[in-house]
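Participant: Sequence first, then the predicted structure, then my questions.
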Amino acid sequence: MYRKLAVLGGCLLALVVATGRLQAQVPAAQPAVAPGATRLAADQWYARQKRDRTLFYVAAPGNGSSLEDGGYGIMVFDRDNNWQFVKRIPLWDYPAWLGPGDFRGISAHADTGRLYVSHNRGVAAFDLRTDKMLWHTDSLNTGNFDNGDCCENSHVTIDGQTIIAGSGGRKDRWWVLDANSGRITGQIPTPDTMRPHNIVMSLDGTRMYLAPNFNGLLSVLDTSTMKVIRTVGPTTGDTKTLTINGAGTRLYSTMDGRYVYNSNGEVFDAATKNKIHQLVDEYGRLAGSEKSLEIVFEGDKVVRVGERYGAGQVRTAGASNQR
């Protein structure tokens, strides 16, 4: 009997040891989001578990030339931390008698890690790792652009080598610039869609849609040839604000995505349509601009960039597609 009890005790001990080992191999459960937490709080909690960080870049002034909506510079906000102000990237000087002017466009490229902004007096490129301004084409001082007036909205091409920027002085063309130097390399005539205003790139980067101001037509640009291949429209309204669907077959005049940002610096939940935040700068001023986009970093490396008009599009480093 004692032998049987010893065997039974040994089996029980082995079972306890084995059970302990199995339990040790079960991963610890992730802490749950607090009951009753808002969707925004849940999003921010999950964001803190990720390696990456989403920053929101806002170029100001972007609602005319007033300095009241965030002053002068490129403001950076931490989307994962309730859009807290992070820093301000300094810009070029301007004559006091002339004023700061205003920004017209913003885009970025993940592989090159560069941010591009267009202004009514030029175009500039910034290194997103160092915030250093790499080049600036000043239309007033250099005379690179006709009538000293450049530029309207702009966009970098999918390979990161070229920038397309709407002309401000001449109303019937878009400029082609070298993204590495800012040098003008060509022009794109758009006589059917006068007064260049906004621009959107297709998901695969083969097309850009050039929208004029106060016009129901739209020019479609083939980025391989830098030539307009057709004109779309007329639409029932002005095409100056637009975005496209993933297939590139439909045009819309609204924004889509997880969050919606307006020109007053207000942040809305796209699903509930509720306002969830108001951007403010380092001085507590309301910070608003139409010229803004999200950029995702892993450490100091850019891994994804958003689109200003982009239907939830995110362009990933090393890939020519968007998700």
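Facilitator: All right, it came through fine.
Participant: average pLDDT across the longest strand anywhere in the chain?
Facilitator: Using DSSP state E to define each element, the chain has its longest strand at strand 52-60. The average pLDDT within strand 52-60 is 91.
Participant: so what does that strand touch, helix or strand wise?
Facilitator: Where contact means 3 or more C-beta pairs under 8 Å, 6 or more residues apart in numbering; DSSP states H and E, strand 52-60 is packed against strand 73-78, strand 103-109, strand 292-298. C-beta here means a position set from N, CA and C on the backbone, and glycine is covered the same way.
Participant: now the second one and strand 292-298, what's the angle there?
Facilitator: When you say that, I think you mean strand 103-109. Strand 103-109 runs at 20 degrees relative to strand 292-298, counting by axes from the mean of the first three to the mean of the last three C-alpha atoms, to 10 degrees.
Participant: Can you verify residue 71 is assigned to a helix?
Facilitator: No. According to DSSP: H, G, I helix; E, B strand; the rest coil, residue 71 belongs to no helix; its state is coil.
Participant: Any chance you could give me stretch 70-90 in PDB, C-alpha atoms only?
Facilitator: This file holds the C-alpha atoms of stretch 70-90, laid out as PDB (Å, rounded to 0.1, in the frame of the first residue of the first chain):
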ATOM      1  CA  GLY A  70      -0.500  79.500 -34.900                       C
ATOM      2  CA  GLY A  71       2.100  82.100 -35.900                       C
ATOM      3  CA  TYR A  72       4.800  81.400 -38.400                       C
ATOM      4  CA  GLY A  73       6.500  78.000 -38.800                       C
ATOM      5  CA  ILE A  74       5.700  74.300 -39.200                       C
ATOM      6  CA  MET A  75       4.100  73.100 -35.900                       C
ATOM      7  CA  VAL A  76       4.300  69.400 -34.900                       C
ATOM      8  CA  PHE A  77       1.800  67.700 -32.700                       C
ATOM      9  CA  ASP A  78       1.800  64.200 -31.200                       C
ATOM     10  CA  ARG A  79      -1.400  62.500 -32.300                       C
ATOM     11  CA  ASP A  80      -0.800  59.600 -29.900                       C
ATOM     12  CA  ASN A  81      -0.700  61.900 -27.000                       C
ATOM     13  CA  ASN A  82      -3.900  63.900 -27.400                       C
ATOM     14  CA  TRP A  83      -2.200  66.100 -30.100                       C
ATOM     15  CA  GLN A  84       0.100  67.700 -27.600                       C
ATOM     16  CA  PHE A  85       2.400  70.400 -29.100                       C
ATOM     17  CA  VAL A  86       5.900  69.000 -29.700                       C
ATOM     18  CA  LYS A  87       8.000  71.600 -31.500                       C
ATOM     19  CA  ARG A  88       8.000  74.300 -34.100                       C
ATOM     20  CA  ILE A  89      10.300  74.000 -37.200                       C
ATOM     21  CA  PRO A  90      11.700  77.500 -38.000                       C
END
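Participant: contacts for that stretch?
Facilitator: For stretch 70-90, contacts defined as C-beta atoms under 8 Å, 6 or more residues apart in numbering pick out 40, 44, 47-48, 50, 53-61, 91, 100, 115, 117, 126, 131, 259, 265, 267, 277, 279-283, 285-289, 294.
Participant: For that stretch, buried residues please.
Facilitator: Buried positions in stretch 70-90, judged by neighbour count with 16 or more other C-beta atoms under 10 Å: 70-80, 83, 85, 88-89.
Participant: Pick out whichever of these sits closest to residue 304.
Facilitator: residue 79 (12.3 Å; C-beta to C-beta).
Participant: So the closest one versus residue 191, what's the distance?
Facilitator: Distance check for residue 79 against residue 191: by C-beta to C-beta, to the nearest Å, it reads 41 Å.
Participant: cool, and residue 286?
Facilitator: 40 Å.
Participant: what about these two, which has more around it?
Facilitator: Neighbours around residue 286 and residue 191, counted as other C-beta atoms under 10 Å, are more numerous at residue 286. The numbers are 14 against 11.
Participant: For this protein, give me the ranges with low pLDDT.
Facilitator: Within the chain, the stretches with pLDDT under 70 are 1-50, 62-66, 139-149, 169-170, 235-257, 309-323.
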